[in-house]
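predicted model and sequence follow; I will ask about them next.
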Amino acid sequence: MAEEIIVPKGLVNVIVDKTAIATTDGNGNLLYRGYKVVELVEKKSFEDAAYLIVNGRLPDQKEKDEFSYKIRSNFGVDAEARKVIEILKEKDLMRALRNIVSFYHYKHTQVDDLMLEMAAKFPEFISLSYRLSHGLEPLEPIEGTYSERFYHLITGKKDPLKAKYLGMLMTLYMEHEFNASTFALRVTASTLADPISSFTTALATLKGPLHGGANSEILDFFKNFNNTEEAVRYVDQQIAKGEKVMGFGHRIYKRLDPRAQFVKAKLKEIAPDSKILQIAEVVENRMWEKKSVPANLDFYAAIYMDILGISQDFYTPLFAASRVFGWIAHYKEQLADNRLIRPSSSYSGPLGLKL
């Protein structure tokens with residue numbers, strides 16, 4: 001019998017496998033395939049980053065054009081699926097997205113093509129679910145980049161500049177090593193389950209408030225305050241009670257989340273006089289002063305999406321539509337060197353009970 005290894009609860013600091021997709025370096029920078037993500041966001045498009053994550057290298061122009069064409073060619077949701085979405089009228093968009101991804105009849109059967117088709121349809125699945133559940137007419141995809149199309153589908157507006165800013169945020173959300181939803185996907189993939197089952201697992205995991213499901217609540221947190229004094233008072237009260245403040249803390253980033261700082265810098269470009277941004281900075285500084293805990297990406301992303309005119313209903317689904325490209329890469333990587341993920345457990349229940 002193999003020797004048992006006892007690890008910390010939650011697998012904290014436990015390396016369970018290797019990956020070539022993403023990591024954080026010694027300075028806390030998130031790297032995609034070796035490139036700093038904040039540099040990718042500044043210099044490359046969403047499509048460039050998605051190609052890099054999925055294929056392991058940055059594309060040349062021809063490869064980028066072909067990749068973008070493949071995504072565009074997979075837009076469109078068939079009439080039967082639209083009817084089901086309309087009948088369900090599911091207003092919880094993460095539940096709706098999970099259900100649609102699971103039941104949809106995709107045209108591709110080859111794994112790589114199937115996964116790209118699924119990713120391409122996420123924005124339209126999200127838009128259709130929202131609009132049909134609210135009695136609104138569906139919006140058809142427009143010509144343009146991935147972020148331009150997505151921005152139009154969730155806002156009903158054509159705004160290339162705001163869409164560009166959206167694409168930046170989506171690139172930051174695209175990948176983050178063995179996070180909860182990605183690890184859940186890899187567990188499912190390790191059973192040799194198909195991509196549809198694996199992506200459904202990831203979506204179910206992403207819904208939880210300790211992973212992706214809290215970002216839509218952070219904006220409400222900011223809007224509770226009329227001024228910075230109220231915000232500081234609230235932080236002090238939460239700390240005194242030993243309770244958490246939303247948008248702070250991360251398993252990886254202990255001193256600084258570079259993604260959050262990048263988004264904050266962009267917010268100062270877009271809306272330098274924003275009252276909520278001023279409150280956020282005061283809260284961030286107070287938390288660091290009192291607890292030495294940095295703001296995470298969701299903290300500033302909530303304000304960022306609000307300023308871009310994106311409804312809170314879309315915050316977590318938008319996360320999913322970004323992270324799906326990371327899930328593609330992890331599904332492929334898991335199967336390339338697969339072993340069933342099946343940990344042991346330490347039993348803590350009763351023994352020897354008699355009937």
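All right, it came through fine. Numbering: from 1, shown residues only.

going by C-alpha atoms from here, please, whenever you check contacts or count neighbours.
OK.

middle-most residue in this protein, spatially?
In the chain, the centroid-proximal residue (Cα atoms, centre = their mean) is Phe319; its distance is 3.0 Å.

find the nearest non-adjacent residue to that residue, please.
Tyr173 (6.1 Å; Cα to Cα, 6 or more residues apart in numbering).

there's contact between that neighbour and Val324 in this structure, I believe.
No. Using Cα atoms under 8 Å, Tyr173 makes no contact with Val324, being 9.6 Å away.

what's around Met316, how many residues?
Just so we're on the same page, residue 316 is Thr rather than Met. 23 (other Cα atoms under 10 Å).

and Ala31, what element?
One correction, residue 31 is Leu, not Ala. Assessed by DSSP states H and E, Leu31 sits inside strand 30-32.

following that strand, which helix or strand comes up?
Next element after strand 30-32 (DSSP H and E): strand 35-36.

so which elements touch that following strand?
Identification of packing neighbours for strand 35-36 by 3 or more Cα pairs under 8 Å, 6 or more residues apart in numbering; DSSP states H and E yields no helix or strand.

in the helix or strand just after it, which residues are buried?
Later in the chain than strand 35-36, the nearest helix or strand by DSSP H and E is helix 37-43. Using 16 or more other Cα atoms under 10 Å as the test for burial, helix 37-43 gives Val37, Val38, Leu40, Val41.

so can I have CSV of those residues showing pLDDT?
Output for the buried residues of helix 37-43, formatted as CSV (pLDDT from 0 to 100):
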residue, pLDDT
Val37, 96
Val38, 94
Leu40, 97
Val41, 96
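
more neighbours, Tyr173 and Val324?
Set Tyr173 next to Val324 and count neighbours by other Cα under 10 Å: Val324 wins out with 26 against 23.

list of residues touching the one helix or strand that one maps to?
When elements are assigned from DSSP H and E, Val324 belongs to helix 315-336. Residues from elsewhere that reach helix 315-336, judged by Cα atoms under 8 Å, 6 or more residues apart in numbering: 19, 21, 50, 53-55, 93-94, 97, 115-116, 119, 122-123, 126, 170-171, 173-176, 182, 185-186, 189-190, 192, 195, 198-199, 203, 206-207, 212-216, 302, 305.

which among those count as buried?
21, 50, 53-54, 93-94, 97, 115-116, 119, 122-123, 126, 170-171, 173-176, 182, 185-186, 189-190, 192, 195, 198-199, 203, 206-207, 212-216, 302, 305.

and the strand holding Leu31, what does it pack onto?
Looks like strand 30-32 contacts strand 22-24, helix 37-43 (3+ Cα pairs under 8 Å, 6+ apart).

dump those to a markdown table, plus distance to Ile252.
Shown next, in a markdown table, are the helices and strands packed on strand 30-32 (distance: least, Cα to Cα, whole Å):
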| stretch | distance to Ile252 |
| --- | --- |
| strand 22-24 | 8 |
| helix 37-43 | 15 |
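
which among these is found nearest to Ser292?
The closest of the helices and strands packed on strand 30-32 to Ser292 is strand 22-24. By Cα to Cα, the value is 19.8 Å.

what is the least confident helix or strand in the chain?
helix 215-223 (a mean of 80; mean pLDDT, DSSP states H and E).

the inter-axis angle of that helix versus helix 315-336?
150 degrees (axes from the mean of the first three to the mean of the last three Cα atoms, to 10 degrees).

where along the stretch 1-150 of the chain do the helices fall?
37-43, 46-55, 61-73, 79-88, 93-103, 111-133, 146-155 (DSSP state H, counting those that start in this stretch).

tell me which stretches of the stretch 251-355 of the chain form helices.
258-270, 275-291, 297-307, 315-336.

want to throw those helices into a markdown table with mean pLDDT and distance to Gly10?
Below are the helices of the stretch 251-355 of the chain laid out as a markdown table (pLDDT from 0 to 100; distance: least, Cα to Cα, whole Å):
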| stretch | mean pLDDT | distance to Gly10 |
| --- | --- | --- |
| helix 258-270 | 93 | 24 |
| helix 275-291 | 93 | 22 |
| helix 297-307 | 92 | 21 |
| helix 315-336 | 97 | 20 |
